[in-house]
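Trainee: Next comes the sequence, and after it the predicted model I'd like to discuss.
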Amino acid sequence: MMEYVSPNAVINGQGLRLVLVHHMPSPWGQATKAMMEYKGLSFTAAPWEGGGDNPELIAWAGNHGAPIVAWNDETPIHRWDDILFLLERLAPQASLLPEDRDERALVLGLSHEICGQLGLAWNRRLSMFAPMVASGQAPEGFVLMAQRYGSTEVDLANADARQIATLQALAARLKAQQAAGSEFFVGNSLSAVDFYWAAFSNLFDLLPPDKCPMPEQARPMFSGMAETVRSAVDPVLLAHRDRIMASHFTLPMEM
């Protein structure tokens, strides 16, 4: 069972360290944690308080969010791809990036579509945050966090359509793979994409409290979405999520 240490213990520590959003299933962090565990990597973890000041962690990592990952005296990192490449370097024997260059490009491309700027979660976050900010009822820390992520009116207007297009592409990919006899997004083995979709699926179909024990008052933010987006979450995507979560994630999720 994971136990948090203090931020200073992570900042001043050695080995592999992870900063996770506290009490919330932040998919970037949960995917990172699951991949570390899959690779058998030992790590210490500290909490990032969502909406909080987190001054020590910001001064250390130079980033206003989590996850943050550090290895020994190397500079802390926070981008999903930098984290993935570090984990591959530390545990190449349990690789989540294929050696085949075509398959490797597919894994990285699909992972960016889920995790990266202008990708699935980026657009979902826009549509999640905008109504709360517009209501005038959001806490100040939440408003500041939304402002840091940034968006344009064009991005906000297209956020739902972009989510739908990506969800449809992911579902089509899984169906084609299953028709070819594979249970995975790319090739015939587990890859980073499988972890990313499993973690990020919570933005579209939140796991129940017994598997995702987050504050009840925060659950409506995750479950509220346009019906056109909800209908794009194909059952094949959820079946894949359930299989990967059961096999390769710690449940209930540790936050």
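Mentor: Structure received. Numbers count the residues shown, from 1 in each chain.

Trainee: domain assignment for this protein?
Mentor: Domain ranges of the chain: 7-94, 101-248, per automatic domain parsing.

Trainee: Which among these is found nearest to Met1?
Mentor: domain 7-94 (11.4 Å; CB to CB). The C-beta positions use only the backbone N, C-alpha and C, and glycine is treated the same way.

Trainee: distance between that closest one and the chain's centre?
Mentor: 12 Å (CA atoms, centre = their mean, to the nearest Å).

Trainee: average pLDDT for that domain?
Mentor: On average, the pLDDT along domain 7-94 is 97.

Trainee: other SSEs contacting the host helix or strand of Ala171?
Mentor: Assigned by DSSP states H and E, Ala171 belongs to helix 153-179. In terms of contacts (3 or more CB pairs under 8 Å, 6 or more residues apart in numbering; DSSP states H and E), helix 153-179 is packed against helix 101-115, helix 120-135, helix 227-230, helix 235-248.

Trainee: Format those as a markdown table; extra columns: mean pLDDT.
Mentor: Shown next, in a markdown table, are those (pLDDT from 0 to 100):
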| stretch | mean pLDDT |
| --- | --- |
| helix 101-115 | 98 |
| helix 120-135 | 80 |
| helix 227-230 | 98 |
| helix 235-248 | 98 |
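
Trainee: Turn those helices into JSON lines, including distance to Glu49.
Mentor: Putting the helices and strands packed on helix 153-179 into JSON lines (distance: least, CB to CB, whole Å) gives the following:
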{"stretch": "helix 101-115", "distance to Glu49": "22"}
{"stretch": "helix 120-135", "distance to Glu49": "18"}
{"stretch": "helix 227-230", "distance to Glu49": "29"}
{"stretch": "helix 235-248", "distance to Glu49": "26"}
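
Trainee: out of the ones you listed, which comes closest to Glu183?
Mentor: Of the helices and strands packed on helix 153-179, nearest to Glu183 by CB to CB is helix 235-248, at 7.0 Å.

Trainee: buried stuff in the closest one?
Mentor: Burial within helix 235-248, assessed by neighbour count using 16 or more other CB atoms under 10 Å, is assigned to 236-237, 240-241, 244-245.

Trainee: And stretch 214-231, by the same measure?
Mentor: 214, 221-222, 225, 229.
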